[in-house]
Structures are given as C-alpha cells and as structure tokens.
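Engineer: test case, fold it:
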Amino acid sequence: MNIPKHIGIILDGNRRFARSKNLPIFEGHKLGFENLKKIAQHAFNKGVKILTVYAFSTENWHRDKKEVSYLLDLFKLLVNEEISLLIKNGVKVNFFGRISDFDPGLQKSIKNALEKSRNGGKGILNICLSYNGRDEIIRAVKKIIESGITAGEVTEDLVNKNLDSAGLPDPDMIIRTSGEQRLSGFLTWQSIYSEFYFPKKYWPEFTTADFDLALEEYNKRQRRYGVD
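Structural biologist: Residues are numbered from 1 along each chain as shown. Model prediction:
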C-alpha cells in the first residue's frame, strides 16, 4: 500500500456527536481530544510521516466563552502533559497559527513543547491553533514585505518558506470528518493538489479502521498534478 507522507485532518463533529448522544458539548471535545491521540499514534505506526490537524480556527474564538475556555484547558493539557508521551514515541510537535493570541502561560508551554520534542524522528504532528489559511498567507506576505523583498523577487518558493508549514511537503490527503465537504480555511495554500476524503462519521467516533479505509481510498486515486 502506498502510504501518504503527509495527511491533514479537520477534526469536525465533536459538538454534533455530543448532541447526538445527549452529552454535554464539553464531553464531545474531551472525546475528540482522546481520539486525536489514538489516531495520531496509529497514523505514525502505519508509516505516515507528517500529520497536520485543524484543532481551533480563528473563527472558533467567537463560540460561547465557556466552551472556548474548556478548549483552552484541553490545549494546556496537551502541551503540558500529553507531550511527554509523544516525545517518548519519537514524535516532533509543531504549532501552526497565531500563537500570540493565547495567554502568556500557554504560549510558554507551547515553546517548551517545541523545544522538548524537536529531536523526534518518528513523525511530525502539526497542531493548528487560532489558525486560518488566509490569515497564514497574509502573515507570510507581511514577513516578505518586512524583509525588504521586491515584487520581482517574489516566487512560489519564497511564499512557501514564509508559511507556518515552511520546510514541509504539502499534504497528500486531507480528511474531514462529519460529512461536511469543505476545507473551512484549512491549509488554503498547501492543499491545491491534496486528495480530499469526507467520511460521514463525527470525529470522536472515527476509528483506526476508518483511518485505514481512508488509506485504501487514497490508493485508488490517480494523482496527475495537471499533467495528464
């Protein structure tokens, strides 16, 4: 089987899953968080080298304050405690997005997580927090302008080097759970030749077997890159 080197996942459906089970919204997020750990480890065991997950968009700040606060607590748990298991398993952690949007304590924890996991060689887990693809492109353009580059010097490669994903290959496949068939600002620049896969299951109920089905579907696709 041809294993994609880089897979992106939009972790969609936590709230709808909770509602479908008559559970509190918070419980849906908690179950989704637990499922991320399981699916990420399974993906790396299958041979995936890079996993990028959409955990919190810039738009998500507009949700109910209690829900946002709970999500921030989950992020703190991830970077302060769960990171140790990832490091033990050889996973390097990256964060995409406007990290400056978070409180100083979480920003410090994120920097510590980056440092502690930087030598991980088994795989890379990119977590998108306060992220939006258009915002990422705008931030990249600002960096280019601030560096004094002239218009004639701007190239696709230069933009790539100024994105959050600098140095990484584009995703071969993007999975969005819950049946929704749109990217919602996920990896807007990087996804132009990604294969899309939209399973109907909500993220908390998306299993390792479902992930394997996604890999099987990927192997049925013919990636032409505009050549044929």
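Engineer: and the gap between Tyr131 and Asn35?
Structural biologist: According to CB to CB, to the nearest Å, Tyr131 stands 20 Å off from Asn35. Heads up, the C-betas are built off the backbone N, CA and C, glycines and all.
Engineer: who has more neighbours, those two?
Structural biologist: Between Tyr131 and Asn35, counted using other CB atoms under 10 Å, the more crowded position is Tyr131 (26 against 21).
Engineer: in space, not sequence, find me the middle residue of the protein.
Structural biologist: Here the mean C-alpha position of the chain is nearest to the C-alpha of Val53 (CA atoms, centre = their mean), at a distance of 1.8 Å.
Engineer: for it, phi and psi?
Structural biologist: Backbone geometry at Val53, expressed as degrees, to the nearest 10, gives phi -120, psi 140.
Engineer: now Lys220
Structural biologist: phi -90, psi -10.
Engineer: buried residues in the helix or strand of the chain with the lowest mean pLDDT?
Structural biologist: For the chain, counting by mean pLDDT, DSSP states H and E, helix 83-88 ranks last in confidence among helices and strands (a mean of 84). Neighbour counts using 16 or more other CB atoms under 10 Å place 83, 86-87 of helix 83-88 among the buried residues.
Engineer: regarding this structure, what is its longest helix?
Structural biologist: Of all the elements of type helix in the chain, the one with the most residues (DSSP state H) is helix 25-46.
Engineer: distance from the chain centre to that one, please.
Structural biologist: Relative to the centre of its chain, helix 25-46 is centred 12 Å away, using CA atoms, centre = their mean, to the nearest Å.
Engineer: try stretch 91-104
Structural biologist: Relative to the chain's own centre, stretch 91-104 is displaced by 11 Å; criterion: CA atoms, centre = their mean.
Engineer: figure out the helix or strand that Ile175 lives in.
Structural biologist: Under the criterion of DSSP states H and E, Ile175 resides in strand 173-176.
Engineer: same question for Leu125.
Structural biologist: The secondary structure element spanning Leu125 is strand 123-131 (assigned by DSSP H and E).
Engineer: same deal with Phe196?
Structural biologist: Secondary structure here is read from DSSP H and E; on that basis Phe196 sits in strand 195-197.
Engineer: pull the residues that contact that strand.
Structural biologist: 4, 172-176, 181, 214, 217-218, 221, 223 (CB atoms under 8 Å, 6 or more residues apart in numbering).
Engineer: give me the neighbour count for Gly167.
Structural biologist: Each residue near Gly167 was counted by other CB under 10 Å, and the total is 8.
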